[in-house]
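S.K.: need coordinates for the below:
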Amino acid sequence: MQYELRPLSIPELLDRIFTLYRRHFVLFAGLMAAPIVAMTIAMLPFQLLQPAIMNAPDSADVLILALIPAMLLGTLLFWILYTIAIGAGTLAVSQIYRGAPVTIRSAYRDVLPQTPRLLLLMLLIGLRALGFFVLLGAAGAGVAAAVGGIGALIGDTAGAVVSVLLALLLAGSFFAGFVVIFFLLLRYALAVSALVIENLGANAAIARSVALSRGHMLPLFLVVLCSTLVGYGVGLLFQAPLMMAGMVVGPDSPFFLPFTIGASVLGAVGSIVTAPFVIIGLAVVYFDVRIRREALDVQMMLRALDAGGVPPGLTPAPGPGL
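M.R.: Numbering: from 1, shown residues only. From the prediction side, this is the model:
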């Protein structure tokens, strides 16, 4: 099915996201399966040894240390595969918008040449977010230390008041840090789309995302909010019952391990089901912003006419500006 390229209101935007998700569910779920399955398998040794760790606290440190390399390797593998999957999902939305055929295999094949730039992009975004959080945390700690020093000089009663103020300052600094990081991530949310669709470098994609997201933070926020709510809702539905059952029976029960592994497997299934939503949503917002600001719909139709074809509902022949 082809989709009309035009500016979308927020309800239409959300409807377009859900429609793409529903009609191409197998495609997007298949794209997200690889990183989630890899992470589930990487965590399996820890889950198998969890009863032994809980029943033998004296040897728990040794067991955990033995598992750390495998967990770190699994986390790294997940990060790489997840980054590639995000790029593949974004390209899949672009292909669907252009009316071109797309499969799980073709989406991964087309995104693989861009993998180094995608990994660098994610690394740069993570470092920027971490840097802002560290700066805010250091500023909050500095102010708190100054207030604490003043409190130590002014006696017990006033010192108690200052201690409360100190705690509030620390809590406020961490909260501000999370707010700033969330705002930054929203500004960078269109960077993957800019990189894989416009074939930009990592730094250029970040700058492009900042420019495109300006004035469009509300739809980005709603996409992230909806995907988070859907993710937590499905997680509670799929994973929570078995996790609670495992906690009830305890690590000494022969049912503890089956409940724990079952919860992990169902959690992976839930993640595969829900993870595509945010990828589709950000790609749809990217196209909507470019249609509003750059008349992308007109550009695409003109390219199709120049190529000698009839412009499909959305897309023309692919081009570097798409």
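S.K.: what's the closest non-adjacent residue to Arg16?
M.R.: Val284 (5.5 Å; C-beta to C-beta, 6 or more residues apart in numbering). To be clear about C-beta, it is placed using only N, CA and C from the backbone, and glycine gets the same treatment.
S.K.: phi and psi next, for the one you found.
M.R.: Per-residue torsions, Val284: phi -60, psi -40 (degrees, to the nearest 10).
S.K.: pretty sure it contacts Phe18?
M.R.: No. Val284 lies out of contact with Phe18 (C-beta atoms under 8 Å); the separation is 10.1 Å.
S.K.: out of these two, which sits in the busier spot?
M.R.: Legend: neighbour count by other C-beta atoms under 10 Å for Val284 and Phe18, higher for Val284 (24 against 15).
S.K.: now do the contacts for that one.
M.R.: Val284 makes contact with Leu8, Leu13, Arg16, Ile17, Leu20, Val93, according to C-beta atoms under 8 Å, 6 or more residues apart in numbering.
S.K.: also Tyr286?
M.R.: Contacts of Tyr286 by C-beta under 8 Å, 6+ apart are Leu190, Ser193, Ala194, Ile197, Leu212.
S.K.: any stretches of the stretch 201-322 of the chain with poor pLDDT?
M.R.: Residues of the stretch 201-322 of the chain that meet the criterion pLDDT under 70 lie in 297-322.
S.K.: so which residues of it form helices?
M.R.: Along the stretch 201-322 of the chain, counting by DSSP state H, counting those that start in this stretch, helices occupy 202-213, 217-238, 240-249, 256-274, 276-294, 296-306.
S.K.: would you tell me which one of these is buried the most?
M.R.: helix 276-294 (a mean of 22; mean count of other C-beta atoms under 10 Å).
S.K.: and the residue nearest to Asn203 when sequence neighbours are not counted, how far is that from Gly30?
M.R.: Spatial nearest neighbour of Asn203, excluding adjacent residues (C-beta to C-beta, 6+ apart): Leu124 at 7.0 Å. From Leu124 across to Gly30, the span is 28 Å (C-beta to C-beta, to the nearest Å).
S.K.: and the contacts of Val284, which are buried?
M.R.: Buried by 16 or more other C-beta atoms under 10 Å: Leu8, Leu13, Arg16, Ile17, Leu20, Val93, out of the contacts of Val284.
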